[in-house]
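Chemist: Quick one, structure for this:
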Amino acid sequence: MLEVKVVMDSQTTTALKQLSGMASEIPRAMQRGMDTALAVLKDRIIGQRLSGQGPYDPSAQRLGAVTGTLRGSLKTGSVIQGDKVLGYLSSDVIYAPVHEYGKVISAKNAPFLVFKVLGQIVRTKQVTIPERAPFRAEVEAPQTAELIGTSIQGEIENLTK
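Modeler: Here you go, the predicted model:
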């Protein structure tokens, strides 16, 4: 699980102290900030990691769009659990984890795997899909932690207005 540490400036810390009587509103404000940041993160992933025409080198941590199914499947949200707000980014497309983490796929029900690559029919017993990590690359980028922190900070500061 990815953890994001949010560092707040002294002005925000002072604002939090003023809000001690509004403790029940703080988690909801944090959740709103998380949801706002996750929507921006989703748009970044779609625009920078899941678009264009590939194939791209795996080190680019990017996939070209073929059908748009993976882009359309991205979902974000957050939940409040006790004193924490947990954000998530997910996809229910079966091949999303294959591209994220890589996988060796072997023929099981036939002697060969048969597929097309750049218009050429390929027959092989095994294929290695390299790890591309388009989601983790964007989630773990330094600007993402800053985005989430700024968004949450803004929502908390709005409580004092």
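Chemist: what does the helix or strand where Ile156 lies contact?
Modeler: Ile156 belongs to helix 142-158 when elements are defined using DSSP states H and E. For helix 142-158, the surrounding residues in contact (C-beta atoms under 8 Å, 6 or more residues apart in numbering) are 4-9, 12, 15-16, 19, 26, 29-30, 32-34, 36-38, 40-41, 85, 87, 138. The way it works is simple: take the backbone N, C-alpha and C, and place the C-beta from them, glycine included.
Chemist: Give me the buried subset of the residues you listed.
Modeler: 4, 6, 12, 15-16, 19, 26, 29-30, 32-34, 36-38, 41, 85, 87, 138 (16 or more other C-beta atoms under 10 Å).
Chemist: Of those residues, which belong to strands?
Modeler: Val85, Gly87 (DSSP state E).
Chemist: distance of the residue nearest to Leu41 when sequence neighbours are not counted from Ala37?
Modeler: Of all residues not flanking Leu41 in the chain, Thr144 sits nearest, at 6.0 Å (C-beta to C-beta, 6 or more residues apart in numbering). Counting by C-beta to C-beta, to the nearest Å, the separation of Thr144 from Ala37 is 8 Å.
Chemist: before we move on, what about Ala96?
Modeler: 21 Å.
Chemist: Per-residue confidence, the residue nearest to Leu41, what does it come out as?
Modeler: Reading off the confidence values, Thr144 has pLDDT 94.
Chemist: Count the residues that sit near it.
Modeler: 20 (other C-beta atoms under 10 Å).
Chemist: The one 10 residues further on too?
Modeler: The burial count assigned to Gly154 is 15, neighbours taken as other C-beta under 10 Å.
Chemist: List the residues that contact the closest residue in space to Ser91 that isn't next to it in sequence.
Modeler: Excluding the flanking residues, the one nearest Ser91 by C-beta to C-beta, 6+ apart is Ser73, at 4.4 Å. Ser73 makes contact with Ser91, Asp92, Val93, Ala96, according to C-beta under 8 Å, 6+ apart.
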